[in-house]
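Trainee: sequence-free structure coming up:
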């Protein structure tokens, strides 16, 4: 029982980061019908920024906002340079474009910085734990969960209570009709990328705190988590993406603890396999978003 | 299987040999000019086999697979495990499961094992793809295939007893590695020919039709899932051979060898050259290989281009190591933004050669046999009810038609005409009612089966296979008809094109045609199925009055050629009255009138339906 | 107020609209009728910027607006209630209205919302219901109210009575009548030619992408050959 609770908390901790990543992916998909394989690059780039800052003597109090700002800026730059030119293209082109961005970014860092890990000091409290009854809870997990909850609430408020959020939701539902209302396509797409950048920035803060390093292909892992979690939840559903993120986090932790040792190292593979199976038997994900084809 | 032996077998084989010669020739020249490039060229040849394998699937079905290198990994390990000597295996995987540590097969047998093992996995994955509704452009295919790639990688990394794990891997010592290029040459030549033959074969063409327009292909009797599976299996077999060669040449195998990096490289090669063309793919392999090598050398010190050293400080900053990965990324991004269809789009060498050598043909002058329509297969639709959400689209609607007549369906917008057609042709489910053709119940059949049974439709929004030529569009239907219309001879394609006035356009792509010609093509394509009934959805939509009148003649002619009955929906009452023997008028999902053109025209109920009912006083 | 001349719009090779022209004066209610496939929706969409005409021009209050995107036109005072209504199904009725007023200043928007609530009591009951759950008639009202939120000087409507039961058709036409009474300028495409002609000041008949007849509502209504004009005899 205690072990289960322990797993639950660990899972939620991981799941929180995944939920934020997934939400960032889903926001862009909703507006542009693009599965953003370059989402992880935001963390790679802000990772390098963090590396530079920390090693230049910045405290983490300053580095955290830096990470978020760099993440947003990178997101907007990517939109301007790459995605704005393929708007309205078929899915094949959109997918490969985002892949292309991913590879260019990691290649550029590989080329102009180096392939090696760039490490930086993590804040002291990352490894602290405290006890609640028989449970050992990481301070880190607690902070992550708390911040994520706040971020999700803030995002929900943004989407539900502001005109910007309304415009975003309308554009995701029916882009052309939103334009008929006067919503500007440029504004809404840039807004989506900015929002996605903020979410990735927050996720990135914790990802980097945990990792303590960055390297050119650091973006692959968070990108995969984000994309997979968004897919589990059903593309096009923001709620689903968040659920998918938590589900993924919990699944990872539970599998790792439940599987016999010899197979435990295959956890990642098992998760992938399950996701593929989910796609085969329930292609619309956990939260179905139906749409019909006009003949 | 192959509609035209000269065009679909002879020329592809000849062209394939020429391509092979050109490609290998370029490679030999390249390695002659550039010192130390032998190994590079060898791997380029092997990569060409792998990329062509991927092209067979991605190019013809339009489904983006990220998992083919995953299949390659399975093949590579299967090959290695079968071919490496027990002595070598004992060093790394003495505890290999299934007694594999003691097995050693000859390399050829090992390749066979690799192909077989991978095909089994491919079949399972193919079923999964089909279930998830994979079609051109779908996200699900990307995800499932990506999952395959990652799962194989994870298994390879985490099962050291089987694969030697991550750091050590498996390495070869069977009298060394591949000692001559001959097997590679053979594999490449065979692959090129297979790739071209497949694309020209019946299955390949049907797969391409499904790629162009999945819905329209099903309406022409194509079952996309079957063709996609065929393409997948052939493509995986080729990739398996290529992967085995790669492992054999390299002499070892590590999980990272057949994972993301190779996926990226092969994908870029595919899209740069043109994923729809074998010629383009080979060009892509050549361009990317040469480009990467150039980038790599530029990054090294001491490299000179035309005698100019590139070590000067300012340039050195750009030309550093790992430039080749930037090159790859920029190529992928650049082409997606500026030329997504690749350098050659779908141009093929052998088709070009064939077009140039084609004897200028005269259109066939023999009139096609006019098949007498018999009334043995009446179409009876009864009691159809359709509800969308809370909306009653059709209420107890029924129509009847005989092959000897032209039946019209008219009514204001939203009356349910297209919905009725969709129900008849299997695109929409009705909650009750029946569709019976000559006694055969087609009510719940899938659309491709309905088409094969003899009910073929056209679409309101033109749905041609735009990248295919006029002739190829019609050939798709003829190919399907040849295997499904057992009791009826299917019309000769050339004769049909001539009768439809399309002979002069036969080699033009469908997307280049003007509107009127496009409509005639759609009609001809449907006719080539030799259906019992042609179901036309607004064939005169967008036409001027005079064009509509010409359409009457066209429809009569086409239907007459195959003895088909006609059911036509249209808003153009001039057209309808001119062509129909009987007319049903629908309004608000119900049949409100039925009779001859004269009766319908004079019917005040019909007039009211069109002009709108006046306000209730 | 609105001047359209020589407008030609193509879908690839199809000329959906062939040199169509019309004009709408301030305060007028102008109808656009004709059989289906005639190009009525294409004409409205070409004016509203959803389609780009290949030839011809559209002038609104003296300004050339040909081919300008819809986002701009709303701000100039031209609004469209699209065919099939196209309400945002996952947004509530209130949110639909709010987004309709995205171009209006916040305070004015709140006031307008109040007004809409009063003017459309049927909607007020469904304020927080997702628009996807509204009935056809309610959705039509919502679509019209939503367009009104941008305080348009010219309101265009594409087949407002489409797919509605006869009773609801009455409601829609009553609504149009009341808009007319308020002095609104309207350009309405309608399937129900009879009722539209009863209501409109002037009307145009479109067939196969061309304007084949025009006149006052009464003139066309009284025309015994109207059906023939539709058919093209």
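Mentor: Received it, and whenever you're ready, just let me know what you need. What you are looking at is a predicted structure, and each value in this text was computed from that prediction instead of being measured.
Trainee: how about the residues of chain B that lie near chain C?
Mentor: Within chain B, the positions near chain C by CB under 8 Å from any CB of the partner chain are B:390-391, B:412-414, B:513-515, B:518, B:538, B:540-545, B:548, B:571-574, B:577, B:601, B:607-608, B:610-616. Backbone N, C-alpha and C define where each C-beta goes, glycine included.
Trainee: Just the buried ones from these?
Mentor: B:412-414, B:513, B:515, B:518, B:538, B:540-544, B:548, B:571-574, B:577, B:601, B:607-608, B:610-612 (16 or more other CB atoms under 10 Å in any protein chain shown).
Trainee: low pLDDT regions in the stretch 451-600 of chain B?
Mentor: Across the stretch 451-600 of chain B, the ranges flagged by pLDDT under 70 are B:485-489.
Trainee: hmm, try it at 50
Mentor: Along the stretch 451-600 of chain B, no part satisfies pLDDT under 50.
Trainee: Mind checking what secondary structure the residue of it found nearest chain A has?
Mentor: Of all residues in the stretch 451-600 of chain B, residue B:459 sits closest to chain A, at 6.7 Å by CB to the nearest CB. When classified by DSSP: H, G, I helix; E, B strand; the rest coil, residue B:459 comes out as coil.
Trainee: cool, the one 5 residues further on as well?
Mentor: Classification of residue B:464 into helix, strand or coil gives coil, according to three-state DSSP.
Trainee: swap in residue B:400?
Mentor: Residue B:400 is classified as strand under three-state DSSP.
Trainee: Okay, and the residue nearest to it when sequence neighbours are not counted sits in which element?
Mentor: Residue nearest to residue B:400 in three dimensions, not counting chain neighbours: residue B:380, with 5.4 Å by CB to CB, 6 or more residues apart in numbering or on different chains. For residue B:380, the host element (DSSP states H and E) is strand B:379-388.
Trainee: What parts of the stretch 451-600 of chain B come near chain A?
Mentor: Counting by CB under 8 Å from any CB, the stretch 451-600 of chain B sits next to chain A at B:459-461.
Trainee: ok, back up a step: in contact with the residue nearest to residue B:400, which residues?
Mentor: B:398, B:400, B:434-437 (CB atoms under 8 Å, 6 or more residues apart in numbering or on different chains).
Trainee: Quick one: the helices in chain A, in order.
Mentor: According to DSSP state H, chain A carries its helices in the segments A:2-32, A:41-55, A:60-81, A:91-112, A:139-161, A:163-173, A:175-181, A:185-211, A:220-233, A:238-258, A:261-264, A:267-281.
Trainee: what's the closest of the ones you listed to residue B:350?
Mentor: Proximity to residue B:350, assessed across those by CB to CB, is greatest for helix A:91-112 (25.7 Å).
Trainee: Sort out which residues of the closest one are buried, please.
Mentor: A:91-111.
Trainee: Was I right to think residue B:283 contacts residue B:270?
Mentor: No - counting by CB atoms under 8 Å, residue B:283 sits too far from residue B:270 to count as a contact (10.8 Å).
Trainee: For the stretch 401-550 of chain B, which segments are assigned as strands?
Mentor: B:406-410, B:432-437, B:440-441, B:455-457, B:533-537 (DSSP state E, counting those that start in this stretch).
Trainee: strands paired with the shortest one, and their directions?
Mentor: What it means is strand B:440-441. Next to strand B:440-441 in the sheet, as set by DSSP bridges, lie strand B:432-437 (antiparallel).
Trainee: now do the fourth one
Mentor: Note on strand B:455-457: by DSSP bridges, its sheet partners are strand B:533-537 (parallel).
Trainee: angle of the partner strand against strand B:379-388?
Mentor: Using axes from the mean of the first three to the mean of the last three CA atoms, to 10 degrees, one finds that strand B:533-537 and strand B:379-388 are set 30 degrees apart in direction.
Trainee: Where does the prediction get shaky in the stretch 151-295 of chain A?
Mentor: A:288-295.
Trainee: Check chain C too.
Mentor: Using pLDDT under 50, nothing in chain C is flagged.
Trainee: Next to chain A, which bits of it? Give me the list.
Mentor: Residues of chain C lying near chain A (CB under 8 Å from any CB): C:48, C:50, C:69-71, C:74-75, C:79-80, C:82, C:86, C:88-91, C:95, C:98-100, C:102-103, C:106, C:146, C:150.
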